[in-house]
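J.: Kindly return the folded structure for what I paste below:
(chains A and B)
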Amino acid sequence: MKLSARAFKYGDDINTDYIISGKYKFKSADMEAMAVHAMEELDPGYYDKVKPEGGFLVAGKNFGMGSSREQAPLVLIHSNTKAVLAKSFARIFYRNAINTGLPVVECDTDLIDDGDELELDLTGGVLRDVTKGIDIAIKPLPAVMAQLLADGGLVEHFKKHGGFAL
Amino acid sequence: MSPIAGKTIAEKIFSAHAGTDARAGDIVVADVDFVMGQDGTSPLAIRALENMGVEKVFDPGKVAVVMDHSSPSPLEGVSALHTMMREFGKKTGCAVYDVGEGVCHQLIPEKGHVVPGDLMVGCDSHTCTYGALNVFSTGVGSTDGAAAMAAGKLWFKVPETMKVTYEGELKPGVFSKDLVLYLAGQIGVDGATYEAIEFHGPVIEALSVEARMTMSNMAIEVGAKAGLMEADEKTLAWYEGRGDKTPDPVAPDADATYVRELAIDASVIGPQVAKPHAVDNVSPIEDVEGTPIAEGVLGTCTNGRLEDLAIAAKILEGRQVHSDVRFIVAPASRRILLDAIEAGYIQTLVAAGAALVTPGCGPCVGTHNGVPSDGENVISTANRNFKGRMGNSNAFIYLGSPATVAASVIEGKITDPRKYFEGGER
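T.: Next comes the predicted model:
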């Protein structure tokens, strides 16, 4: 799977309330409607910027800390976020992203600037910053998560195998 | 001694539930003893089960859904989600804790659903609360929760463990909330990411079970997967009359391997306050005293238990909440509300000017029960002060102990509670 889009860069410790505020997550189970509020606390223009062409959300350390809300990766998917690239991820968000099919990549995001054009080849494990003309090393997914992602997420894994087959 | 190193609490619980010799770093598929979801997460889990084509839960006696975050419903959208949960309960036979029963992290242990030695997952990040009861409990998302509801098992990475030992003794007017806020200030919001914490030492042993739950509840605020404590006679006594499951306490081996060890002298810790907008933005109360407040919150899964209400009632007895302050009290469960009525705490708090709301999450997560206005400061016993957390990104949330909140609502500004405790003067 090869993805190309622009980088939208933010800082460290971005919590799940910033990704989707609790005041919205309880209103409905319609993720398409909720996605307009994605990242609103940090950048109210996020949805309008990312939705038309798609984008990579680039962040520092500990992305997705806080709540277990699966609405967080879901609103990013529905806002046309192709993948999240960060130096590190909070544990629950990381699992939720894989389970729902949002690619998450650990890499040195200091090498990427806001607005850079990026290409991510998840199968080959290559991240290229086209603007800077450099390849950036990415940390491979744990084998169990790579298998889940290859099956299309946890729901598809269950449908395929009738339970856990890890 | 065996040449192979001993095990942490986490390694032992995962070994017992996966049927393997589980060590930190291993990936295991382990049996879970209980699975829980709340009203913000259960609807997505129910939908995931439908997408999986799963009609039944693995064991209806080991699954519960709880309406606590937005309950009673303030909006028609939420009402629809609650209906979905009630119908799921009828269809599968799992437990449904409806409006007014309380916050999930009080109900799950209070109803005896988990006991020492258990492994459980909940679709809520503060599921780590039951670590105080020697349960390996951790928060997961809705799809993981659905898989666990369907299969009775889930995959886990066995975490490394950080050992935190509290030495010395707690000073009057200082509480377990202050101990855990202090830890957050020391190690930061990602200080224990991917790790379990084991809390040890004489200070932990001296705490009540309720006070211990406050600390385990906030393990996630430093990124931890669990905040574990050993079970002792207090833990076992707490379970009397709470169901028929048999506790199987798990203690770490003396030669267990820890990734990091931290010793903290509790004797030098005073009341702590986390300032906006991060839980690790912690100061001694002296640094923020006098900050004006418009709202005080007593309750939540962190500090809405009987002991917390008792501490606040003791301070507010015969006193009045400041005229510029709204003081919102949300007991953590119906049981606690009844006990607090019986003990006279509710009478005291309401007479002092408190607004009592339904047992549950209260205003913590910004859905109802007291959204602050622009520019207002809130002092709360909750566990998170992220920008926008209480429903308004232009408000400012400070976190402290029930004593700090009670002392502050009297004066309308952040106030050191130690003056209300004998020997607590600084």
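
J.: burial count for the residue in chain A positioned nearest to chain B?
T.: Chain A approaches chain B most closely through A:Asn96 (3.6 Å), counting by CB to the nearest CB. All C-beta spots, glycine's among them, are computed from the backbone N, C-alpha and C. For A:Asn96, the count of nearby residues is 28 (other CB atoms under 10 Å in any protein chain shown).

J.: Would you confirm that it contacts A:Gly66?
T.: No. A:Asn96 is beyond contact range of A:Gly66, at 11.7 Å (criterion: CB atoms under 8 Å).

J.: any idea which strand is longest in chain A?
T.: The residue-count maximum for a strand in chain A (DSSP state E) belongs to strand A:2-9.

J.: low pLDDT regions in the stretch 1-150 of chain B?
T.: Low-confidence segments of the stretch 1-150 of chain B (pLDDT under 70): B:1-3.

J.: for it, what spans make up the helices?
T.: Under the criterion DSSP state H, counting those that start in this stretch, the stretch 1-150 of chain B carries helices at the ranges B:9-18, B:42-52, B:76-92, B:104-110, B:142-151.

J.: Repeat that for chain A.
T.: For chain A, the helices defined by DSSP state H cover A:16-19, A:22-25, A:31-34, A:46-50, A:71-78, A:91-100, A:143-150, A:154-161.

J.: One more: the stretch 151-300 of chain B?
T.: Assigned by DSSP H, counting those that start in this stretch, the stretch 151-300 of chain B shows helices spanning B:176-187, B:202-206, B:209-217, B:233-238, B:300-303.

J.: So for B:Met36, which of the ones you listed sits nearest?
T.: helix B:300-303 (12.0 Å; CB to CB).

J.: What are the contacting residues of the lowest-mean-pLDDT helix or strand in chain A?
T.: One helix or strand of chain A scores below all others by mean pLDDT, DSSP states H and E: helix A:22-25, with a mean of 81. Outside helix A:22-25, the residues within contact range by CB atoms under 8 Å, 6 or more residues apart in numbering or on different chains are A:34, A:37, A:67, A:69, A:71, B:40, B:69, B:365-367, B:371, B:388-389, B:391.

J.: Check the residues you listed against B:Gly6 and report the nearest one.
T.: Nearest member of the contacts of helix A:22-25 to B:Gly6, counting by CB to CB, is A:Ser67, at 34.4 Å.

J.: Spatially central residue in chain B, please.
T.: Residue closest to the mean C-alpha point of chain B, counted by CA atoms, centre = their mean, is B:Asn217 at 3.1 Å.

J.: I'd like the helices of chain A laid out as CSV, including distance to B:Ser283.
T.: Output for the helices of chain A, formatted as CSV (distance: least, CB to CB, whole Å):
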stretch, distance to B:Ser283
helix A:16-19, 22
helix A:22-25, 25
helix A:31-34, 35
helix A:46-50, 32
helix A:71-78, 29
helix A:91-100, 27
helix A:143-150, 39
helix A:154-161, 42
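
J.: Please work out which residue of chain B is closest to chain A.
T.: Closest residue of chain B to chain A, CB to the nearest CB: B:Gly141 (3.6 Å).

J.: Could I get the CA-only coordinates of the least confident helix or strand of chain A as PDB?
T.: Extracted as PDB, the C-alpha positions of helix A:22-25 are listed here (Å, rounded to 0.1, in the frame of the first residue of the first chain):
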ATOM      1  CA  GLY A  22     -15.500  14.500  24.700                       C
ATOM      2  CA  LYS A  23     -18.300  16.900  24.200                       C
ATOM      3  CA  TYR A  24     -18.800  15.600  20.600                       C
ATOM      4  CA  LYS A  25     -18.000  11.900  21.000                       C
END
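
J.: residues of it that come out buried?
T.: Across helix A:22-25, burial judged by 16 or more other CB atoms under 10 Å in any protein chain shown covers A:22-25.

J.: list the contacts for A:Val130?
T.: Contacts for A:Val130 (CB under 8 Å, 6+ apart) come out as A:4, A:116-119.

J.: What remains of the residues you listed if I keep only buried residues?
T.: Of these, these count as buried by 16+ other CB under 10 Å: A:116, A:118.

J.: Quick check: the farthest pair among the contacts of A:Val130?
T.: For these, the farthest-apart pair by CB to CB is A:Ser4 and A:Asp116; their separation is 11.5 Å.

J.: Kindly tell me how buried residue 9 is, as a neighbour count.
T.: In the absence of a named chain, this looks at chain A. 17.

J.: actually chain B
T.: Applying other CB under 10 Å, we find 26 other residues in the vicinity of B:Ile9.

J.: which residue packs closest to it, ignoring adjacent ones?
T.: Spatial nearest neighbour of B:Ile9, excluding adjacent residues (CB to CB, 6 or more residues apart in numbering or on different chains): B:Leu228 at 4.6 Å.

J.: pretty sure that neighbour is touching B:Phe136, no?
T.: Yes. Counting by CB under 8 Å, B:Leu228 touches B:Phe136, with 6.7 Å between them.

J.: shared neighbours of those two, anything?
T.: Common neighbours of B:Leu228 and B:Phe136 (CB under 8 Å, 6+ apart) are B:9-10, B:196.

J.: Closest to A:Ser88 out of the residues you listed?
T.: Among the shared contacts of B:Leu228 and B:Phe136, B:Ala196 lies closest to A:Ser88 (CB to CB), at 17.6 Å.

J.: Correct me if wrong: that closest one contacts B:Ala226.
T.: Yes. If you go by CB under 8 Å, B:Ala196 and B:Ala226 touch, sitting 4.3 Å apart.

J.: Could you pull out the residues contacting both of those two?
T.: Joint contacts of B:Ala196 and B:Ala226 (CB under 8 Å, 6+ apart) are B:10, B:131, B:136, B:159.

J.: Let's have these in TSV, adding distance to B:Pro249 and neighbour count.
T.: Below are the shared contacts of B:Ala196 and B:Ala226 laid out as TSV (distance: CB to CB, whole Å; neighbours: other CB atoms under 10 Å in any protein chain shown):
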residue	distance to B:Pro249	neighbour count
B:Ala10	14	29
B:Gly131	13	29
B:Phe136	12	30
B:Pro159	20	25
